[in-house]
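A.B. asks: Can you look at this prediction? I've put the sequence above it.
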Amino acid sequence: MLQNLLATEIVVVPSGAPRVVYGLSVIEFECGDEVDALYARLRAGNAVELADFHIIAYEKERPSLLLTDHPLRLEQKENGQGWFLTMP
(Lines give C-alpha, C1' and ligand atoms only; values in the text may rest on other atoms or scores of the structure.)
Protein backbone atom coordinates (compact mmCIF):
# COMPACT_ATOMS: atom_id res chain seq x y z
CA MET A 1 0.00 0.00 0.00
CA LEU A 2 1.38 3.40 -0.98
CA GLN A 3 1.79 5.71 2.03
CA ASN A 4 2.32 9.49 2.07
CA LEU A 5 3.55 11.21 5.23
CA LEU A 6 4.00 14.98 5.40
CA ALA A 7 6.60 16.23 7.85
CA THR A 8 8.02 19.64 8.68
CA GLU A 9 11.46 18.02 8.62
CA ILE A 10 12.77 14.80 7.06
CA VAL A 11 16.37 13.82 7.80
CA VAL A 12 17.93 11.32 5.38
CA VAL A 13 21.12 9.60 6.58
CA PRO A 14 22.75 7.58 3.79
CA SER A 15 25.35 5.00 4.80
CA GLY A 16 28.80 6.57 4.55
CA ALA A 17 27.54 9.92 3.22
CA PRO A 18 26.49 13.27 4.71
CA ARG A 19 22.93 13.58 5.92
CA VAL A 20 20.39 15.64 3.99
CA VAL A 21 17.58 17.61 5.63
CA TYR A 22 14.31 18.37 3.82
CA GLY A 23 11.85 20.93 5.14
CA LEU A 24 8.07 20.57 4.72
CA SER A 25 8.18 17.55 2.43
CA VAL A 26 6.28 14.34 1.76
CA ILE A 27 7.84 10.92 2.00
CA GLU A 28 6.17 8.39 -0.29
CA PHE A 29 6.79 4.66 0.16
CA GLU A 30 5.25 1.22 0.00
CA CYS A 31 4.23 -0.40 3.30
CA GLY A 32 1.91 -3.27 4.19
CA ASP A 33 0.51 -1.45 7.25
CA GLU A 34 -2.60 0.72 7.20
CA VAL A 35 -1.75 4.36 7.91
CA ASP A 36 -3.09 4.29 11.50
CA ALA A 37 -1.02 1.20 12.40
CA LEU A 38 2.06 2.65 10.69
CA TYR A 39 1.76 5.94 12.57
CA ALA A 40 1.21 4.13 15.88
CA ARG A 41 4.40 2.12 15.33
CA LEU A 42 6.40 5.27 14.64
CA ARG A 43 4.97 7.16 17.64
CA ALA A 44 5.80 4.19 19.88
CA GLY A 45 9.46 4.62 18.92
CA ASN A 46 9.66 1.65 16.57
CA ALA A 47 11.43 1.68 13.22
CA VAL A 48 9.63 0.82 9.99
CA GLU A 49 11.77 -0.98 7.44
CA LEU A 50 11.55 0.39 3.89
CA ALA A 51 13.00 -0.98 0.67
CA ASP A 52 12.83 2.42 -1.03
CA PHE A 53 11.16 5.83 -0.78
CA HIS A 54 10.73 9.15 -2.58
CA ILE A 55 10.90 12.64 -1.08
CA ILE A 56 8.44 15.00 -2.76
CA ALA A 57 8.13 18.75 -2.20
CA TYR A 58 4.85 19.61 -0.49
CA GLU A 59 2.59 21.45 -2.91
CA LYS A 60 -1.00 20.86 -1.85
CA GLU A 61 -3.32 18.72 0.22
CA ARG A 62 -4.25 15.39 -1.28
CA PRO A 63 -6.23 12.34 -0.14
CA SER A 64 -4.46 10.00 2.30
CA LEU A 65 -1.78 12.58 3.17
CA LEU A 66 -0.98 12.36 6.88
CA LEU A 67 0.77 15.23 8.67
CA THR A 68 3.19 13.91 11.29
CA ASP A 69 3.59 15.78 14.55
CA HIS A 70 7.36 15.11 14.78
CA PRO A 71 10.24 15.12 12.29
CA LEU A 72 11.00 11.89 10.43
CA ARG A 73 14.40 10.21 10.09
CA LEU A 74 15.44 7.81 7.33
CA GLU A 75 18.64 5.92 8.04
CA GLN A 76 20.16 3.58 5.48
CA LYS A 77 21.07 0.08 6.65
CA GLU A 78 24.78 -0.59 7.05
CA ASN A 79 24.72 -3.00 4.11
CA GLY A 80 23.11 -0.30 1.94
CA GLN A 81 20.08 -2.51 1.22
CA GLY A 82 17.03 -0.64 2.51
CA TRP A 83 16.19 1.99 5.09
CA PHE A 84 14.79 2.43 8.59
CA LEU A 85 12.11 5.09 9.06
CA THR A 86 11.75 6.48 12.59
CA MET A 87 10.13 9.38 14.37
CA PRO A 88 12.76 10.36 16.97
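C.D. replies: Yep, it's here.
A.B. asks: Return the helix or strand in the chain with minimum mean pLDDT.
C.D. replies: strand 65-67 (a mean of 86; mean pLDDT, DSSP states H and E).
A.B. asks: packing partners for that strand?
C.D. replies: If contacts are counted by 3 or more Cβ pairs under 8 Å, 6 or more residues apart in numbering; DSSP states H and E, strand 65-67 sits against strand 2-13. In this view, the C-beta of every residue, glycine as well, is placed from N, C-alpha and C.
A.B. asks: for the strand it packs on, packing partners?
C.D. replies: Against strand 2-13 (3+ Cβ pairs under 8 Å, 6+ apart) you get strand 20-30, helix 35-43, strand 65-67, strand 72-76.
A.B. asks: could I get the ones you listed as TSV with distance to Leu2 and mean neighbour count?
C.D. replies: Output for these, formatted as TSV (distance: least, Cβ to Cβ, whole Å; neighbours: other Cβ atoms under 10 Å):
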stretch	distance to Leu2	mean neighbour count
strand 20-30	6	16
helix 35-43	10	15
strand 65-67	11	13
strand 72-76	16	20
